[in-house]
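Q: build me a model:
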Amino acid sequence: MTVSIHLPEGANHIEATYSGRLTREELETSVRRGIAAAQTSGRRRFLTDCRELGGGHSVTDLYLLANELQSCGMASEFREALLLPDNPETAGLVTFWETACANRGLVVRVFTDPIRALDWLRSVP
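A: Take a look at the predicted model:
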């Protein structure tokens, strides 16, 4: 598993990249690192690349993390563009995250094209 969180210079978003299998503990740690980066930097938009994600966590893990994200104090400003993996099982987890977040009023959308994802992220209010 590899997780990278990066704040591109001159941008107003945070980039997170996931690859390999991600356990519940690793997922929790990475989401908390992303929240901390957002709170420190003032950036509330995320471009999350899941194209190389290999699973390893469950929908229950995602459900609980969506609850945590909703209560972190930045939910009204939070925006996330997710890049969808080709693997159908892992893609299902990513689209579940989109739905779980939307059910909590968080603005999250999945994409297959990174350029469209970034364009959307820049344009969404």
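Q: so the residue nearest to the spatial centre of the chain: helix, strand or coil?
A: By Cα atoms, centre = their mean, the mean C-alpha position of the chain lies nearest to residue 48, the distance being 4.8 Å. Secondary structure state of residue 48, per DSSP: H, G, I helix; E, B strand; the rest coil, is strand.
Q: how close does it get to residue 97?
A: 9 Å (Cβ to Cβ, to the nearest Å). All C-beta spots, glycine's among them, are computed from the backbone N, C-alpha and C.
Q: so what sits against both of those two?
A: Common neighbours of residue 48 and residue 97 (criterion: Cβ atoms under 8 Å, 6 or more residues apart in numbering): residue 82.
Q: and the longest helix along the chain, what other elements does it pack with?
A: In the chain, taking DSSP state H as the definition, the longest helix is helix 24-41. Applying 3 or more Cβ pairs under 8 Å, 6 or more residues apart in numbering; DSSP states H and E, one finds that helix 24-41 makes contact with strand 2-6, strand 13-20, helix 59-70.
Q: buried residues in it?
A: Neighbour counts over helix 24-41 (16 or more other Cβ atoms under 10 Å) mark 26-28, 30-31, 34-35, 37-38 as buried.
Q: can you list those residues in TSV and add distance to residue 73 and pLDDT?
A: TSV is the format used below for these (distance: Cβ to Cβ, whole Å; pLDDT from 0 to 100):
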residue	distance to residue 73	pLDDT
26	24	93
27	20	90
28	18	90
30	19	92
31	14	90
34	14	93
35	9	91
37	14	95
38	10	93
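Q: from the residues you listed, which is closest to residue 55?
A: Comparing the buried residues of helix 24-41 against residue 55 with Cβ to Cβ places residue 27 closest, at 10.6 Å.
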